[in-house]
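Peer 1: below: sequence and its predicted model.
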Amino acid sequence: MSKIALNQSSYTSLLSLQRVSSVLNSTQQILSTGKKVNSAIDNPSSYYTARSLNNRAADLNSLLDNMGQKIQTIKAASEGITAATSFLEQMTSVAEQAIENPLIHQDEKTLLNDGYTVIDSSMTTSQISALITDGAKIALSSDITLDDTLTITAQNISFNGNGHTITFAGSGSALTATKAAIEVTGEGASADFKNIKIEASGDWAVGISARNHANITIDNTYGINMTGENSFRISNRDELLYAGKYNTYTTEAQIGADGLATRATTQFYAPGVSADDETFGQGNWYLPSFGELLDVYGYDKEQIPSGTTEEERKMGAIGDNKKTINDSLKALRLAGADAAELTNSWYWSSSEYNSYSSWLLNMNNGIRLNSSKYNKYYVRSFQLLKDCFNPLPLSADHPEVGGSGGLTAPQIGDVMYSDKTWGKAADYDGTKTAVGVITNVSADGRDVTIMSLKNLRFKTVDEANNFEPTTPYTGAQAYSRWATDAAKTTDITGMKNYTYALSSAGFKSEGTITVSNTLNRDIYVGDTYTAQYDELVSQYDDIANDSGYKGINLLKGDSMEVIFNESRDNKLEVQGTDISSAAIGLNTVDWRTIDDVMTSIKELKIAVATLRTVASDLGNHNAIIQTRQEFTENLINILEEGADKLTLADMNEASADMLSLQTRQQLAINALSLATQAEQNVLKLF
């Protein structure tokens, strides 16, 4: 067998080429895998250490996925609590409606046995009126519609609405009078109303009215609902004498900027609030009527005469309201509020006397007078806040019942704040924005009238747009005319002009209304509210049942385990809570009385508190799991980074090596080629 003999040069070139090819293959593997250690052969210590780190990272990744699923389980329960709480709020609303507007229907036989004369829907207003004699007990056995005002002139009438509705469609006129669904009128006339519901519509309509020294008592006014402009639940006076808002905006609509006093009050907004504030911004204030000014001054109704002598004009000379209000304004001023006491001089009202004169009141002595609209007097802005306070009392047994939220009822002289709360001027500390002082509280305690804290000031006394609303108290002039020269003899149509005789007659015709604001706790509530409530309880339970995730429902008392490490010895036990209606004491109901409803409201309060506790616990567990989830994610990154530091190659270095090796390989090939060529040249000699 022949052997091939290579010269020294060729042999050396082949060996070099072999070595380069071996290293080149290794470098190509590094570049293709990105790792400098691909097996235990490369570096046993680094290889096995990196493998251990990556294995732990993989185990933690599996736990990380499990944590994410557990968080989803908690989120599902949290969403369930949110929805369940919403149903509890709806149930509370139904219960409150049942309290405020109970059905309280008793059958006709029971009413007759109790001595009532029963009225039904077949009777006309005149037929009903004929039944109302002294001492009569009247009750409704069905809803009725009045075709005219039901006038009561008898004494000691007991009127039980029995939960039925009286419908009345009718209105009065700003030039004549209001029109009531029920009017008790005349010296000695009196009536006691309870369980009554009235739906009255029309401008200047009234639910129940007491006039001409009649006396009315009523349990509460929450069943009296009015629709229409300038309508009133109850009234014991000539409301046109107190229609400052109506007067102001009627004047504004007719003469606009020429009505200097009215224009200023409509442009006013309380300092410290936005001009577009929905309650205390522009467009919500007005020039008070003559009656509203007298409310401020205070008056003894028995001292109001009719006539035109100076002595007879001193209506309102007796009363404590002005002192109370001024004391509050002074206390506010001394405490740092932008407030000032009433000026002891004349104030404009929005009430007209005739085309060229309007009514005003002297705050020094209570003298009322009419004056030319071109004279100049002081101006304050007023505002009426409807349904400001819920006077239904809190119960000792059920302190959670009552819409007032524990607030003390508003009183004349109290400070009104921009958040619609109120308090004594002595308690003012500047933490809230004071916007006015209360000058009147309605008989049922639900509506209040407020007055601005200072007199308005003006740029001029007689020019249109003479008021700057952004600086309402800093103008050069302390007073203004009622109208410009162009409008000083304009009669404002649609607004009643009061003479001395008309105004005094209006005040003298007032009656008395006493609202006890009590709940008839033994009255029958009825099945409608019960059915609504029970349906909501059923829906509540459905929400609780549907709040599970992957077979685990934390709102049904299920539990779950969350593992935090690969050895499974670090974990969190999340115990769910059964929030079903039965578990938290929330029962379906058979409401018969107000006390039954109060019991349900107490259960609802407890249920809400329970859900808040459960939500808090779930939130705490969720925070723990999320913290561990974030920690695990970071730990996985650390483990993988550590493994990479042991095995990953420097790609820049490997690339440079690759280029160098390729060059060396090419040089080795060229050297081998030259050596081989030299040997071939020697052979050619033979």
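Peer 2: Great, that's in hand.

Peer 1: going forward, measure contacts and count neighbours with C-alpha atoms only.
Peer 2: OK.

Peer 1: ok, the closest residue to residue 440 other than its chain neighbours to residue 173 distance?
Peer 2: Leaving aside its sequence neighbours, residue 440 sits nearest to residue 449 (CA to CA, 6 or more residues apart in numbering; 5.1 Å). As judged by CA to CA, to the nearest Å, residue 449 and residue 173 stand 22 Å apart.

Peer 1: just want to know which of these two has more residues nearby.
Peer 2: residue 449 (23 against 17; other CA atoms under 10 Å).

Peer 1: next, the more buried one: secondary structure please.
Peer 2: Here residue 449 is recorded as strand under DSSP: H, G, I helix; E, B strand; the rest coil.

Peer 1: hey, what's it bridged with?
Peer 2: residue 384, residue 440 (DSSP bridges).

Peer 1: check contacts around the residue nearest to residue 440.
Peer 2: By CA atoms under 8 Å, 6 or more residues apart in numbering, the contact set of residue 449 is 382, 383, 384, 385, 438, 439, 440, 441.

Peer 1: mind checking how far residue 529 is from residue 126?
Peer 2: 34 Å.

Peer 1: whoops, I mixed them up, residue 269
Peer 2: In terms of CA to CA, residue 269 sits 49 Å off from residue 126.

Peer 1: same deal with residue 322?
Peer 2: Counting by CA to CA - residue 322 and residue 126 are separated by 45 Å.

Peer 1: those two: which is more packed in?
Peer 2: residue 322 (24 against 14).

Peer 1: tell me the secondary structure at that one.
Peer 2: Going by three-state DSSP: residue 322 is helix.

Peer 1: what residues does stretch 250-261 touch?
Peer 2: Contacts for stretch 250-261 (CA under 8 Å, 6+ apart): 262-263, 287, 348, 379, 462-466, 480-484, 486-487, 492, 494-495.

Peer 1: in strands, which of these fall?
Peer 2: 348, 480, 481 (DSSP state E).

Peer 1: show me where the stretch 351-500 of the chain has strands.
Peer 2: 357-362, 368-372, 376-377, 382-385, 415-417, 422-423, 434-441, 448-451, 480-481 (DSSP state E, counting those that start in this stretch).

Peer 1: redo those strands as a markdown table? Include mean pLDDT.
Peer 2: Converted to a markdown table, the strands of the stretch 351-500 of the chain look like this (pLDDT from 0 to 100):
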| stretch | mean pLDDT |
| --- | --- |
| strand 357-362 | 94 |
| strand 368-372 | 91 |
| strand 376-377 | 98 |
| strand 382-385 | 96 |
| strand 415-417 | 96 |
| strand 422-423 | 93 |
| strand 434-441 | 96 |
| strand 448-451 | 97 |
| strand 480-481 | 97 |
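
Peer 1: can you put those in TSV and add distance to residue 154?
Peer 2: Putting the strands of the stretch 351-500 of the chain into TSV (distance: least, CA to CA, whole Å) gives the following:
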stretch	distance to residue 154
strand 357-362	36
strand 368-372	35
strand 376-377	46
strand 382-385	34
strand 415-417	41
strand 422-423	40
strand 434-441	29
strand 448-451	31
strand 480-481	48
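
Peer 1: what mean pLDDT does stretch 113-124 get?
Peer 2: Across stretch 113-124, pLDDT averages out at 92.

Peer 1: quick one, what contacts the spatially most central residue of the chain?
Peer 2: Centroid-nearest residue in the chain: residue 419, 11.1 Å away (criterion: CA atoms, centre = their mean). Listed by CA under 8 Å, 6+ apart, the contact set of residue 419 reads residue 432.

Peer 1: and the protein, what are its domains?
Peer 2: Following the assignment in automatic domain parsing, the chain carries domains at 1-34+654-686, 63-101+526-642, 108-236, 244-497.

Peer 1: using CSV, lay out those together with distance to residue 518.
Peer 2: Formatted as CSV, the domains of the chain follow (distance: least, CA to CA, whole Å):
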stretch, distance to residue 518
domain 1-34+654-686, 85
domain 63-101+526-642, 10
domain 108-236, 5
domain 244-497, 6
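
Peer 1: out of these, the one nearest residue 507 is which?
Peer 2: domain 244-497 (6.8 Å; CA to CA).

Peer 1: number of nearby residues for residue 567?
Peer 2: 8.

Peer 1: likewise for residue 388?
Peer 2: By the criterion of other CA under 10 Å, residue 388 has 18 neighbours.

Peer 1: so for it, what's the pLDDT?
Peer 2: So, for residue 388, pLDDT stands at 86.

Peer 1: so it touches residue 444, yeah?
Peer 2: No. Using CA atoms under 8 Å as the test, residue 388 is too far from residue 444 to be in contact (11.1 Å).

Peer 1: right, and residue 587 touches residue 597 too?
Peer 2: No. Using CA under 8 Å, residue 587 is not in contact with residue 597, being 11.6 Å away.

Peer 1: about what we covered before: buried subset of the ones in strands among the contacts of stretch 250-261, written for PyMOL?
Peer 2: Here is the PyMOL command that selects the buried residues among the ones in strands among the contacts of stretch 250-261 (16 or more other CA atoms under 10 Å):
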select buried, resi 348+480+481
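
Peer 1: as a markdown table, the ones in strands among the contacts of stretch 250-261 with distance to residue 363 would be great.
Peer 2: Putting the ones in strands among the contacts of stretch 250-261 into a markdown table (distance: CA to CA, whole Å) gives the following:
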| residue | distance to residue 363 |
| --- | --- |
| 348 | 11 |
| 480 | 17 |
| 481 | 18 |
